[in-house]
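>>> Quick one: sequence and predicted model below, then my questions.
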Amino acid sequence: RPRDPSPPPPAASVRWSDPDAWPDGRVPAEGDAVVVPAGTVMLLDVTTPPLASVTVDGALVLADGEVGLTAGWVLVHGGLYAGSSEEPYRGRAVITLTGPETDDSVGHGMGTKFLAAMGGTIELYGDMVGASWTRLARDAHPGDDAITLADAAGWRVGDRIVVASTDVAGDGDDGDEQVEARTVTGVDGDVLFLDEPLRFFHQGTLMSVGGVTVDQRAEVARLNRNIVVQGDAQSDDGQFGGHVMVMDGGRLRFDAVELYRMGQRGRLARYPVHFHQVGDAGAESFVRRTAIHGAYHRCVTIHGTNGVLVEDVAAYGTYGHCFFLEDADETGNELYRNLALLVLRPPADDAVLPSDTSYLGPAGFWVTNPANDLVGNVAASSQGSGFWYALPEHPTGLAAGKTDVWPRHAPLGLFVGNVAHSNREVGLHVDNGPTPDLAANPPTWYEPRRDPLDEESGVEAVFENFVAYKHRGSGAWFRGERLVLSGG
């Protein structure tokens, strides 16, 4: 559904670099806990020293040019802005979240090392032409130092890219080695020149299988953006990165943003992007054309939230289920044309759900309520499955007790044009839903109905134009009634 365009950021009344803008007459120094007071619209026109924290009660607007904000955490009650839907941000801005690995919490259950909207608005619009990912237009061979894309509009020298595997799923402990990351050294039309030759073959032309044309061309994603939200360099030590959290009353709009070293492995509710109990107000938020890479725990989590748009997100390299609809009371969310690439199984001690380390998991897309739309997405090179509809009888977790919600009888939203390939287990798995205590995922039975209590009101669940190839397990597995796999 269309979202109302974001207006331009508010006009700044003071500058961060101006001592007179601060109550004590000095610009914040290293280690300070900074507050942008209510009623103040401040322009961030410098790169800050490492701060203890930043609380935005008013508004903070990122200036053009080179700016940076480094803090243990950033809490937005008012607004944080860079660009708008009509005028994207043209500078380069880096928000770095710092702090040692800890179980401490600043308050409201957000932990530490976060960028969070609590009753506030975060709107970051990067400057990017074109989509986050495309496909090859020609076969790429071992030794090639150039690749041809279907559409290279907007791709630039210096872009960091990743080329998906098109072979059978890899079996290495570190994931699929045929997923290859490179840097672009030159661009000529749709041809990208690479900093080092490819090691593996990547399909780049359409194939005919039994007289049917099948698109098995490798996906190619670009990972860098001019607005970056990242964990600090020490994040790798304990895989304790930053996290973005949207709480009740908050709004998040990311367009063309890069998320790097994000998520906190083994910790519940600490994900690169996390919509937490926002309810129907999720329809005001979106994450678009965003890259998530070098992550430690999931990609985008939608929890107790409805109507969020997640579109053209390229997620490369994470642990546990990547695109994650958590408790099964989430409905009406729209996941369009996202890429989940190289999804790794965490160590058992770091798994927050058994399914993250089961033979079926982790999944590129973990869906606990079928009443959401998945269109044009790709799940590839997971150490588990591609798409997993893991339907509990009733919602779990914080939504436990909603016994009037029946995921196993809910009509299917859109499932159209999705692709799964090179995963170790199943491409599309509609079975094995969580128990009420989340301790296990026994076999389940999906039987969609118009009325969950009326056995005679059954309707078909149509999984349309699904493509699966080169898995070590099955391409698709269903358990239930009136489940239709249509087209191809």
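Looks like it came in fine.

>>> Mind listing what's buried along stretch 168-177?
Within stretch 168-177, the residues that count as buried by 16 or more other CB atoms under 10 Å are 168-170, 175-176. The C-beta positions use only the backbone N, C-alpha and C, and glycine is treated the same way.

>>> what pairs with I302 across the strands?
Beta bridges link I302 to F275, L325, judged by DSSP bridges.

>>> How much space separates it from F323?
8 Å (CB to CB, to the nearest Å).

>>> Find residues that contact each of those two.
By CB atoms under 8 Å, 6 or more residues apart in numbering, I302 and F323 have these common neighbours: V310.

>>> re the thing from before, show me which of the buried residues of stretch 168-177 is closest to T444.
Taking CB to CB as the measure, T444 lies nearest A169 of those, at 24.6 Å.

>>> For V308, see how far away the closest one is.
30 Å.

>>> Likewise for E481?
Taken as CB to CB, the span from E481 to V308 is 30 Å.

>>> Between those two, which has more neighbouring residues?
Legend: neighbour count by other CB atoms under 10 Å for E481 and V308, higher for V308 (27 against 13).

>>> wait, what's in contact with that one?
Shown in contact with V308 (CB under 8 Å, 6+ apart): 275, 278, 282-283, 285-287, 302, 333-334.

>>> Which parts of the stretch 351-488 of the chain are strands?
Under the criterion DSSP state E, counting those that start in this stretch, strands of the stretch 351-488 of the chain are mapped to 363-367, 373-375, 378-382, 385-389, 415-416, 419-421, 428-430, 461-464, 467-469, 476-478, 483-486.

>>> Serialize the ones you listed to TSV and add fields for mean neighbour count.
Putting the strands of the stretch 351-488 of the chain into TSV (neighbours: other CB atoms under 10 Å) gives the following:
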stretch	mean neighbour count
strand 363-367	29
strand 373-375	21
strand 378-382	29
strand 385-389	31
strand 415-416	22
strand 419-421	26
strand 428-430	27
strand 461-464	20
strand 467-469	20
strand 476-478	17
strand 483-486	15
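
>>> who wins for proximity to G186 among those strands?
Among these, strand 378-382 comes nearest to G186, with 26.6 Å by CB to CB.

>>> Low-confidence ranges, the stretch 351-488 of the chain, go.
Residues of the stretch 351-488 of the chain meeting the criterion pLDDT under 70: 488.

>>> which residues in the stretch 151-300 of the chain form strands?
Using DSSP E, counting those that start in this stretch, strands in the stretch 151-300 of the chain cover 160-163, 180-188, 191-194, 207-209, 212-214, 219-222, 227-231, 243-246, 251-255, 258-260, 273-279, 286-288, 291-293, 300-305.

>>> now those in TSV, with distance to L342, mean pLDDT and mean neighbour count?
Listed next are the strands of the stretch 151-300 of the chain as TSV, based on distance: least, CB to CB, whole Å; pLDDT from 0 to 100; neighbours: other CB atoms under 10 Å:
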stretch	distance to L342	mean pLDDT	mean neighbour count
strand 160-163	8	98	22
strand 180-188	10	98	16
strand 191-194	18	98	18
strand 207-209	23	88	10
strand 212-214	22	89	10
strand 219-222	11	98	25
strand 227-231	19	98	24
strand 243-246	20	98	28
strand 251-255	21	98	25
strand 258-260	15	99	26
strand 273-279	18	98	24
strand 286-288	19	98	24
strand 291-293	9	98	27
strand 300-305	16	98	26
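
>>> who's the closest residue to H321 other than its chain neighbours bridged to?
In space, and not counting its chain neighbours, H321 is closest to W366: 3.8 Å by CB to CB, 6 or more residues apart in numbering. Beta-bridge partners of W366, counted by DSSP bridges, are F324, W388.

>>> Then V244?
For V244, the beta-bridge partners are L115, V273 (DSSP bridges).
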